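A.B. asks: Can you look at this prediction? I've put the sequence above it.
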Amino acid sequence: MAVDDATDAAKNASAIILTTPGLSAIYYGVVESRRIFRKLKAYVVYRFAATIQIVIVLSLLIYISNCPLKSLYVILLALFNDLTMLPIAYDRQLASKYPEKTDVNQLLLLSLLLGIMESIFSMVFAYGAVLCGDPFNSKYDLPSCDVTIQAAVWLQMSIAAEFLIFSTRAPSYMWLSIPPSLPLFTSVMMGAIVTSLLAGLSSYFGGLRFDIIVIVWCYCIATLILMDLTKVAFYKAFNQSQEVIDDAELARMAGQIEGVRASNPQPEPPKEERFEDAFSERMTVTGKGLNRTLKHGHSFYGAAAGETISGRVSLISTGIKPRTPHNLVNK
């Protein structure tokens, strides 16, 4: 690693070159990497949980009530879930205060927990409409599996899957965490609104009444809160840290660093002087090393070897000034 004012030889030999004075770039790089880790973790948990919900609900509807959803419903459900998650890369995240390690078992366990909860809520929604007084349709009978039933179940699964990202992205309670970025929020809400319009305005998608769509939205929001409470309880049970680094603290540190740089400007020496100083330091270190080698030769190989090494040392200590390469000379 080479700092900003390192010699050209050091920069060419290094794997990382800092372009700003000081080592603050390393700190900010670590912070940014932790933010990226949080984004990846949120998406992985969301994707597994949403997939588990789709597979379990569709399978149970077929095996229990012989009620398969239309193929177009399933295609749109998967398509909207993928398209609306594209802005996750531009989401706002807070870095963890402590280093995080990838525990695949905990990620899969959390995804399985959220996916099973969403499946239970979807099944309760599908069968509870009949048991609670048939609020959707006078002919709402799940064994009949008419277009109204399929549209209502499809809409609930779509909106619930869209809203799940708001919980998985938050390290703590979602209403206490940093809000999502505008692209992510807009994408998720547009996906939920489009599916609601399709279910309400198109007879092919059920032609649901407005009050039914409102009930579906309220039900999905209520179940999202329950799943978020479960997520926080899961983090506490496995002792996962929920503390984050505040962005205001980072901004304050950056301001202090810029103030120190402004008050103590460090002019950069010419390239020729930097090269000569670095070469002189290397020659000094080399001379010390050869002096130790001289003693080592006397003790193990006798005086003849020591005299040979002494002759080589004298060549280095003649004080010959190295020729500065042409590309390092200031024009």
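C.D. replies: Received it, and whenever you're ready, just let me know what you need. All values derive from a computational prediction rather than experimental measurement.

A.B. asks: give me every residue that touches the closest residue in space to F166 that isn't next to it in sequence.
C.D. replies: Distances taken as CB to CB, 6 or more residues apart in numbering place M174 nearest to F166, at 5.3 Å, with adjacent residues excluded. Heads up, the C-betas are built off the backbone N, CA and C, glycines and all. Counting by CB atoms under 8 Å, 6 or more residues apart in numbering, M174 touches 166-167, 228.

A.B. asks: roughly how far apart are M174 and Q150?
C.D. replies: 30 Å (CB to CB, to the nearest Å).

A.B. asks: Assign the closest residue to G206 other than its chain neighbours to helix, strand or coil.
C.D. replies: Nearest non-adjacent residue to G206, counting by CB to CB, 6+ apart: A151, 2.3 Å away. With DSSP: H, G, I helix; E, B strand; the rest coil as the basis, A151 sits in helix.

A.B. asks: quick one: average pLDDT of stretch 218-225?
C.D. replies: What stretch 218-225 shows for mean pLDDT is 94.

A.B. asks: How about that stretch, which residues are buried there?
C.D. replies: Within stretch 218-225, the residues that count as buried by 16 or more other CB atoms under 10 Å are 219-220, 223-224.

A.B. asks: Grab the nearest non-local neighbour of R169.
C.D. replies: Nearest non-adjacent residue to R169, counting by CB to CB, 6+ apart: A42, 4.0 Å away.

A.B. asks: what about that neighbour, distance to S59?
C.D. replies: Counting by CB to CB, the gap from A42 to S59 is 26 Å.

A.B. asks: What of L226?
C.D. replies: 23 Å.

A.B. asks: May I ask which of the contacts of M174 has the most neighbours?
C.D. replies: Using other CB atoms under 10 Å as the neighbour criterion, S167 leads the contacts of M174 with 24 neighbours.

A.B. asks: any idea which element that one lies in?
C.D. replies: helix 147-168 (DSSP states H and E).

A.B. asks: Next secondary structure after that helix?
C.D. replies: helix 182-201.

A.B. asks: Any buried residues in that next one, and which?
C.D. replies: Buried-residue list, helix 182-201, by 16+ other CB under 10 Å: 184, 187-188, 191-192, 195-196, 198-200.

A.B. asks: Surely Q150 touches G206?
C.D. replies: Yes: counting by CB atoms under 8 Å, Q150 does reach G206; the two are 6.8 Å apart.

A.B. asks: more crowded one of these two?
C.D. replies: G206 (24 against 20).

A.B. asks: how would you label the more buried one: helix, strand or coil?
C.D. replies: Relying on three-state DSSP, one would call G206 coil.

A.B. asks: contacting residues for it?
C.D. replies: Applying CB under 8 Å, 6+ apart, one finds that G206 lies in contact with 147-148, 150-152, 154-155, 199.

A.B. asks: can you tell me how far M190 sits from L72?
C.D. replies: For M190 relative to L72 (CB to CB), the value is 19 Å.

A.B. asks: typed the wrong thing, it's S33
C.D. replies: On the measure of CB to CB, S33 and L72 end up 41 Å apart.

A.B. asks: on that earlier part again, any idea how many residues pack against the residue nearest to G206?
C.D. replies: Around A151 sit 26 other residues, with neighbours defined as other CB under 10 Å.

A.B. asks: Over to V104?
C.D. replies: V104 - counted by other CB under 10 Å - has 8 other residues nearby.

A.B. asks: same deal with the one 3 residues further on?
C.D. replies: Residues lying near L107 (other CB under 10 Å) number 14.

A.B. asks: What does the pLDDT read for it?
C.D. replies: For L107, the model assigns a pLDDT of 91.

A.B. asks: residue contacts, it?
C.D. replies: 41, 44-45, 48.

A.B. asks: Among the residues you listed, which one has the most neighbours?
C.D. replies: V45 (24 neighbours).
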